[in-house]
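Peer 1: turn this into a model:
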Amino acid sequence: MSVILAAKRTAVVPRNGAFSRLEIEDLGAPVVQALLAAAGIAAASVDELICSNALGAGGNPARRVALAAGLPERVAGLSVDRQCAGGLDAILLARALVDSGAAEVVIAGGVESYSRRPLRLRTDPEGGAAVAYDQARFTPWDDRDPGMAEAAEALAERLGISRGAQDVWAVESHAKARVCEGEIVEVAGQVRDVFARELSLEVAARANVVCGSITAANAAVAADAAAFVLVVSERVAAGRGMRILGGVTLGGDPVEPGLAPVAAIRAALQRAGIGVDRVMVAEIMEAYAVQAMACVSGAGLDAASVNIGGGALARGHPIGASGAVLAVRLFYELQAGIGLAAIAAAGGIGTALLVER
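Peer 2: As a prediction, this is how the structure comes out:
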């Protein structure tokens, strides 16, 4: 059984902030180096580095991070893009490599720079001017490929979750956020998540509306960050770390991407033979308050065990790194028992990771 031996991340910084001039390897390499130092593992022992990145438009970000971190040149680096779910999927891929015996030491996680993302243009086959776009296509069908805010609003309407209830969740997320001791690697002078604040319901009520009940207060801000964990064999772990019990990625209805983690959570628990009541700590992505609320309710989780140190509403959403940020937070929050991390992704994808300490 594979083990998460160490976990580290940068602070999560809203785009155009302190990380705005950094390339993705500038964010990722210090985290990788700190990760190995924390685990007492030599760089020469690393078999692979798997990195999620959603906005970087190619170039194999994993290879760039591996080289910048001083890993052996034989570490080829594998980049994955499953949008928001990629950070957790990288960890599940690392687990598969280790459990199969193909590797013993794998670094896995994600890195994203909203600040430095490339501009996107779609060429005209008729030779006309290229057309700029912001959101990539996530399905082949225009009528089943909603914008994320629109999908969140549709979910709120269908489930009857009011703006007021979403704002309460957002206020609580900020209130629970605290200094994350030990997990954050200093990069560009940043040693804490900078977005969390004393948000009140009165302030939330005045927030700009994005779409219907979705506002700037109950939706996560775009951000820059890197987060990685060290996945190793039981032999290398030697009794240390947090065991990976399982994990699942499943596709769901592209029109309701926010609900996709529910099926993944249920499947992960069922395959591990674990009841939802045994989950001691859960990290559930808060791209939107309504999405987190729907997943907690749909999966039957105890809300008191969810995002006990605040969620993405209080930090920000560095797309490809967000799932790995959840895993790092879980590594430090879970003192004993069963832990869960889960995230939704555009296109109707949900990933869940199940661990035990």
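Peer 1: quick one: low-confidence parts of the stretch 51-200 of the chain?
Peer 2: Under the criterion of pLDDT under 70, the regions of the stretch 51-200 of the chain flagged as low confidence span 57.
Peer 1: helices of that one, residue ranges please.
Peer 2: 61-68, 86-100, 148-159, 163-176 (DSSP state H, counting those that start in this stretch).
Peer 1: the longest one versus helix 61-68: what angle between them?
Peer 2: Inter-element angle recorded for helix 86-100 and helix 61-68: 70 degrees (by axes from the mean of the first three to the mean of the last three Cα atoms, to 10 degrees).
Peer 1: now for residue 74, how many residues are close by?
Peer 2: 10 (other Cβ atoms under 10 Å). To be clear about C-beta, it is placed using only N, CA and C from the backbone, and glycine gets the same treatment.
Peer 1: closest to residue 342 out of the helices of the stretch 51-200 of the chain?
Peer 2: Proximity to residue 342 (Cβ to Cβ) singles out helix 86-100 among the helices of the stretch 51-200 of the chain, at 7.8 Å.
Peer 1: do you know how far residue 112 is from residue 55?
Peer 2: Here residue 112 is placed at a distance of 6 Å from residue 55 (Cβ to Cβ, to the nearest Å).
Peer 1: ok, for residue 75, nearest residue in space, not its chain neighbours?
Peer 2: residue 66 (4.8 Å; Cβ to Cβ, 6 or more residues apart in numbering).
Peer 1: list the contacts of that neighbour.
Peer 2: With contacts defined as Cβ atoms under 8 Å, 6 or more residues apart in numbering, residue 66 is in contact with 32, 49, 75-77.
Peer 1: also residue 16?
Peer 2: Taking Cβ under 8 Å, 6+ apart as the test, what residue 16 contacts is residue 115.
Peer 1: just the element for it, please.
Peer 2: Under the criterion of DSSP states H and E, residue 16 resides outside all helices and strands.
Peer 1: so residue 54 is in contact with residue 80, correct?
Peer 2: No. Between residue 54 and residue 80 there is no contact, the gap being 9.4 Å when judged by Cβ atoms under 8 Å.
Peer 1: spit out the residues that contact these two alike.
Peer 2: When contacts are counted by Cβ under 8 Å, 6+ apart, residue 54 and residue 80 are jointly contacted by residue 86.
Peer 1: looking at those two, which one has more neighbours?
Peer 2: Just comparing residue 54 and residue 80: by other Cβ under 10 Å the higher neighbour count belongs to residue 54, 26 against 21.
Peer 1: give the contact list for that one.
Peer 2: If you count contacts by Cβ under 8 Å, 6+ apart, residue 54 has them with 81-84, 86, 112, 319-320.
Peer 1: out of those residues, which comes closest to residue 21?
Peer 2: The shortest approach to residue 21 among those belongs to residue 112, at 15.2 Å (Cβ to Cβ).
Peer 1: count of neighbours near that closest one?
Peer 2: Residue 112: 36 surrounding residues under other Cβ under 10 Å.
Peer 1: and it, how far is that from residue 81?
Peer 2: Going from residue 112 to residue 81 by Cβ to Cβ gives 11 Å.
Peer 1: show me where the protein has strands.
Peer 2: For the chain, applying DSSP state E gives strands covering 3-9, 13-14, 48-52, 78-80, 105-112, 121-122, 131-132, 209-211, 214-215, 223-232, 242-251, 279-284, 338-345, 349-356.
Peer 1: re the thing from before, what do residue 112 and residue 55 both touch?
Peer 2: The contact sets of residue 112 and residue 55 overlap at 319-320 (Cβ under 8 Å, 6+ apart).
Peer 1: and which of the contacts of residue 66 is nearest to residue 337?
Peer 2: The shortest gap between residue 337 and any of the contacts of residue 66 belongs to residue 32, at 28.7 Å (Cβ to Cβ).
Peer 1: isn't the closest one right next to residue 62, touching?
Peer 2: No. Counting by Cβ under 8 Å, residue 62 is not a contact partner of residue 32; they are 10.4 Å apart.
Peer 1: shared neighbours, those two?
Peer 2: Contact criterion Cβ under 8 Å, 6+ apart; residues bridging residue 32 and residue 62 by contacting each: residue 49.
Peer 1: ok, now how distant is the closest residue to residue 122 other than its chain neighbours from residue 119?
Peer 2: Distance criterion Cβ to Cβ, 6+ apart; nearest residue to residue 122, sequence neighbours excluded, is residue 131 at 5.0 Å. With distances taken as Cβ to Cβ, residue 131 is found 12 Å from residue 119.
Peer 1: what of residue 30?
Peer 2: Separation of residue 30 from residue 119 (Cβ to Cβ): 27 Å.
Peer 1: next: residue 251.
Peer 2: In this structure, residue 251 and residue 119 are 29 Å apart, going by Cβ to Cβ.
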